[in-house]
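Peer 1: quick one: sequence and predicted model below, then my questions.
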Amino acid sequence: MPVALARSISLTAAERHQRKKAACGHKTEHRLRMRAQIALHAARRRSNARIARQTGVHLDTVRRWRGRFAEACLEGLADRKRSGRPGAFTALQAASVTALACRLPAESGVPISRWSAPELAREAIARGIATFLSASTVRRWLAQDALKPWQHRSWIFITAPDFRPKAQRVLDLYARTWQGRPLGDDEYVISADEKTSIQARCRCHPTLAPGKAAPCASTTPTAAAARWPTWPPTTSTTRRCSAAPNHAPASSRS
């Protein structure tokens, strides 16, 4: 039986430097390192059997990567594209699910305010777009699109008729302006979120200052003083502040 001759390989100075860097690099993948070593040994006119012994790989592996490097040089040492498993869904099915996500659920008779991945999968199966479809597949299809019209922010779609005058007062305070007059250097704006579920409580004992490896300690009685929203404390130097209900500066002086 005739024996196949080893393919002849010649490297330029730049290619030899790249292969040495790949063969000795600590961050190079093991499979790429072995292929670079095979190419370097082959460039020194060594036989496939000797290369197999020195690298510790099978003779067929040496023959394969030596032949690929002789045919395509550096590109031959990379993995070839694999076909993989055939796709279970067509591009038309993915586009149909994306188009369904762009429509309101009310148009399909679904009693929800906005779509979720499981709801989209169930609706697609009910419409006959696909016989089976998982929520993760729908989520992956929607994430791959560059434009996502099904995502929106409630701030953009304001429907309250009196929203503009209410927001104008808050935005003026952000710009340190009230009723067309700029606030002074000794006037401050304090903003706090209303928390109706938290009751205002009175302190019965003084707050202890924090110490080494000990947090600040404070006590609060169990009985509530009044059912009011909690506000951040103000000092006597605060002349004007903004309260959430009125959105207007309040003076601490009578």
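Peer 2: Nice, I can see it.

Peer 1: which of the helices and strands in this protein ranks last by mean pLDDT?
Peer 2: strand 240-242 (a mean of 41; mean pLDDT, DSSP states H and E).

Peer 1: could you list the low-pLDDT ranges of the chain?
Peer 2: 1-5, 150-158, 193-205, 208, 210-254 (pLDDT under 70).

Peer 1: change it to 90
Peer 2: Scanning the chain with the threshold set as pLDDT under 90 gives 1-51, 53-57, 59-88, 102-115, 143-181, 183-254.

Peer 1: just the strands in it please.
Peer 2: 177-178, 181-182, 240-242, 249-251 (DSSP state E).

Peer 1: quick one: the helices in this protein?
Peer 2: 13-24, 30-43, 48-55, 59-72, 91-101, 117-126, 135-144, 163-174 (DSSP state H).

Peer 1: any idea which of those is most buried?
Peer 2: Highest mean neighbour count of the helices of the chain: helix 30-43, a mean of 20 (counted as mean count of other C-beta atoms under 10 Å). Every C-beta, even on glycine, is put in place using the N, C-alpha and C of the backbone.

Peer 1: which helices and strands does that one pack with?
Peer 2: helix 13-24, helix 48-55, helix 59-72 (3 or more C-beta pairs under 8 Å, 6 or more residues apart in numbering; DSSP states H and E).

Peer 1: who's in contact with the second one?
Peer 2: With C-beta atoms under 8 Å, 6 or more residues apart in numbering as the test, helix 48-55 has contacts from 6, 34, 37-38, 41-42, 46, 58-59, 61-63, 66.

Peer 1: can you name the two of those residues that sit furthest apart?
Peer 2: The two members of those with the most space between them (C-beta to C-beta) are A6 and M34, at 17.3 Å.

Peer 1: what's the local residue count around R85?
Peer 2: By the measure other C-beta atoms under 10 Å, the count of residues near R85 is 6.

Peer 1: dihedrals phi and psi, it?
Peer 2: phi -70, psi 140 (degrees, to the nearest 10).

Peer 1: quick one: it from A14, how far?
Peer 2: 39 Å (C-beta to C-beta, to the nearest Å).

Peer 1: check contacts around P182.
Peer 2: R176.

Peer 1: for it, name its beta-bridge partners.
Peer 2: T177 (DSSP bridges).

Peer 1: centre-most residue in the chain?
Peer 2: In the chain, the C-alpha nearest the mean C-alpha coordinate belongs to A143, at 10.8 Å (C-alpha atoms, centre = their mean).
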